[in-house]
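Engineer: Task: produce atomic coordinates for the following.
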Amino acid sequence: MDELTRRQLLWSGAAAGLGLTAAGVGVWESSDDDFPDFRPRFGTERLVTNEWAYRNPAGRGAHWSSDWLATSGSLFARGGLGWTGRPDAGPTGPDSASATDSAVFRLVSRRRDFGPVTVSFRVRLRPPVTTVRTPKQDWDGAHIWLRYHSPQELYALSFSRRDGSVVIKRKVPSHEAESVDGGGYATVAEGRHSIGYDHWHHVEATAVNTSSGVRLSLAVDGSEVLQAVDRTPGPLTAPGGVGLRVDNTELWFGDFWARKA
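Structural biologist: Residues are numbered from 1 along each chain as shown. Below you'll find the model as predicted:
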């Protein structure tokens, strides 16, 4: 039995034993020796960090994480998992007590040394919602960040979108009118693959430099759903951070790890 199959069986058994429901969370543990590069843990139920801490790192009461930066929204620990909280729109304050602002959730590792890398995690999503500030969009759902240099320069691999697409995009600095936060997106590859809500899934993404560019791949539940070579990566050949972008969607994740290839 290979390591991926072993982890899948262990996770399935743990989830079944916990009787996960639409509002439930589970616990996943594995050996300390499995993933040596980056594997954050979620223990005590708490606010891990939020956008207020990102903007006020020296502020009194700021929730600081040694692993993560939340540039938008709130990251909670629940039952050994990371959780966005219920997505809404509004200022979080130091404690995300009255709002999570996680309708626009942006989470990236503090580490920025991931060049050739594989990122793997378990994830469970609720169906997308809307808020006054975040109307319905085709891209509502969840996306993996690779080679994150800044909000303007990164790869985004979309594994769950409201429209049922899977997409690989490159974002680089741009001053065009349609740019987002000072960066413009270009689609590298696109396909179709829908994953079920309120169920656990395994997601894995890779980025590896080749002689012709950056090879990117996305797999869901052990099957590759999209791959491409970005032949004009520019500065995205350099190492960067890894993380998650989530839009209008409540999300739990666990067993998150990043391993240098």
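Engineer: Can you pull out the low-pLDDT segments for the stretch 101-250 of the chain?
Structural biologist: Across the stretch 101-250 of the chain, the ranges flagged by pLDDT under 70 are 177-179.
Engineer: Would you state the strands of it in chain order?
Structural biologist: Here the stretch 101-250 of the chain has its strands, by DSSP state E, counting those that start in this stretch, at 104-109, 117-125, 141-150, 153-161, 165-173, 183-192, 201-210, 213-220, 223-230, 241-247.
Engineer: Can you add distance to residue 50 and mean neighbour count and give these back as JSON lines?
Structural biologist: (C-beta placed from N, C-alpha, C; glycine too.) Putting the strands of the stretch 101-250 of the chain into JSON lines (distance: least, CB to CB, whole Å; neighbours: other CB atoms under 10 Å) gives the following:
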{"stretch": "strand 104-109", "distance to residue 50": "10", "mean neighbour count": "23"}
{"stretch": "strand 117-125", "distance to residue 50": "20", "mean neighbour count": "22"}
{"stretch": "strand 141-150", "distance to residue 50": "18", "mean neighbour count": "24"}
{"stretch": "strand 153-161", "distance to residue 50": "21", "mean neighbour count": "23"}
{"stretch": "strand 165-173", "distance to residue 50": "23", "mean neighbour count": "21"}
{"stretch": "strand 183-192", "distance to residue 50": "23", "mean neighbour count": "15"}
{"stretch": "strand 201-210", "distance to residue 50": "24", "mean neighbour count": "19"}
{"stretch": "strand 213-220", "distance to residue 50": "28", "mean neighbour count": "21"}
{"stretch": "strand 223-230", "distance to residue 50": "31", "mean neighbour count": "16"}
{"stretch": "strand 241-247", "distance to residue 50": "14", "mean neighbour count": "25"}
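Engineer: Turn the ones you listed into a markdown table, including distance to residue 134.
Structural biologist: Formatted as a markdown table, the strands of the stretch 101-250 of the chain follow (distance: least, CB to CB, whole Å):
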| stretch | distance to residue 134 |
| --- | --- |
| strand 104-109 | 6 |
| strand 117-125 | 16 |
| strand 141-150 | 12 |
| strand 153-161 | 14 |
| strand 165-173 | 19 |
| strand 183-192 | 17 |
| strand 201-210 | 23 |
| strand 213-220 | 24 |
| strand 223-230 | 25 |
| strand 241-247 | 7 |
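Engineer: So which of the ones you listed is nearest residue 55?
Structural biologist: Comparison of the strands of the stretch 101-250 of the chain against residue 55 by CB to CB identifies strand 104-109 as nearest, at 12.4 Å.
Engineer: What pairs with that closest one, parallel or antiparallel?
Structural biologist: Here strand 104-109 has these sheet partners by DSSP bridges: strand 68-72 (antiparallel), strand 241-247 (antiparallel).
Engineer: Is the closest residue to residue 51 other than its chain neighbours bridged to anything, and to what?
Structural biologist: Among residues not flanking residue 51 along the chain, residue 72 sits closest, at 5.1 Å (CB to CB, 6 or more residues apart in numbering). Beta bridges link residue 72 to residue 106, judged by DSSP bridges.
Engineer: how close does residue 72 get to residue 181?
Structural biologist: According to CB to CB, to the nearest Å, residue 72 and residue 181 sit 10 Å apart.
Engineer: for residue 175, same thing?
Structural biologist: Counting by CB to CB - residue 175 and residue 181 are separated by 12 Å.
Engineer: who's more crowded, those two?
Structural biologist: Just comparing residue 175 and residue 181: by other CB atoms under 10 Å the higher neighbour count belongs to residue 181, 13 against 8.
Engineer: which ones are touching that one?
Structural biologist: Counting by CB atoms under 8 Å, 6 or more residues apart in numbering, residue 181 makes contact with 151, 152.
Engineer: ok, now which ones touch the residue nearest to residue 51?
Structural biologist: 51, 101, 104, 105, 106.
Engineer: If we use 6 Å, what do you get?
Structural biologist: By CB atoms under 6 Å, 6 or more residues apart in numbering, the contact set of residue 72 is 51, 104, 106.
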